[in-house]
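Student: Dropping a prediction and its sequence here:
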Amino acid sequence: MHPKPRWYRRLFKVTPWVVSSIALALVITVLLNFPSRKMIAEWKQPPDITYDQRGPYYLSVVERNIDWFRLPPERNYLIYVGREAGGLGYGHMLKFSFHSFPDSTEEFVKKSQVEWSPEGVTLTTGTGHRVFIPKKMFIGGR
C-alpha cells in the first residue's frame, strides 16, 4: 500500500477549519440579521376619534432586521397600526426606513408627530416624510 500524498494530509487537516469558519460566519450573519422586534415608539388613538367599537388603536414603530443590500447596511422598521399595544398582532404593517441624521434612530422616531383623523392616521417624521394609513387598512383587526 502506498503512503498518501502530502497534499492529501494537508487537505484533511485544513478542511475542518474551513468548514467550521463558514458555519460560524453563517451563524453570525443570521444573529446579526435577526429581527429584534424592539418597540421604538408608540402612540395611542385619542378618545375623541373613534373608528369602531374595538378600539383604541395604536401606532407603533418596531425595529426589524438589517437590510444588507444597502450600503452602508441599515436597519428596517415596521410601522404597525392595530389594537394591540406593543404591536405586531392583527393590524396593518408597513416596512419603513428612517433617516435620522444626526440623532439616533430611536430619538428621531420619538420626535415624530402622529395625527389621528376620522379618515386614518398620519405619521410625520422630523425630515418631513409623511405616511398616511387609511382607517380601512387597520380597523377590524386587518
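Tutor: Noted; the coordinates are in hand.
Student: ok, now how distant is the residue most central in space within the chain from Trp116?
Tutor: Residue closest to the mean C-alpha point of the chain, counted by C-alpha atoms, centre = their mean, is Arg64 at 1.9 Å. Distance check for Arg64 against Trp116: by C-beta to C-beta, to the nearest Å, it reads 24 Å. The way it works is simple: take the backbone N, C-alpha and C, and place the C-beta from them, glycine included.
Student: quick one on the thing from earlier: pretty sure the residue nearest to the centre of the chain contacts Tyr80?
Tutor: No - Arg64 is beyond contact range of Tyr80, at 10.6 Å (criterion: C-beta atoms under 8 Å).
Student: Could you give me the buried positions within the helix or strand where Trp7 lies?
Tutor: Assigned by DSSP states H and E, Trp7 falls within helix 6-33. Across helix 6-33, burial judged by 16 or more other C-beta atoms under 10 Å covers no residue at all.
Student: and that helix, average pLDDT?
Tutor: Averaging pLDDT along helix 6-33 gives 81.
Student: from here on, count from 776
Tutor: Yes, from this point I'll number from 776; that puts the last item at helix 781-808.
Student: distance of the residue lying closest to Gly895 once chain neighbours are set aside from Arg829?
Tutor: In space, and not counting its chain neighbours, Gly895 is closest to Pro909: 4.2 Å by C-beta to C-beta, 6 or more residues apart in numbering. Distance, Pro909 to Arg829, using C-beta to C-beta: 17 Å.
Student: What of Ser879?
Tutor: Between Ser879 and Arg829 the computed distance is 35 Å (C-beta to C-beta).
Student: Show the contacting residues for Gly915.
Tutor: 827, 829 (C-beta atoms under 8 Å, 6 or more residues apart in numbering).
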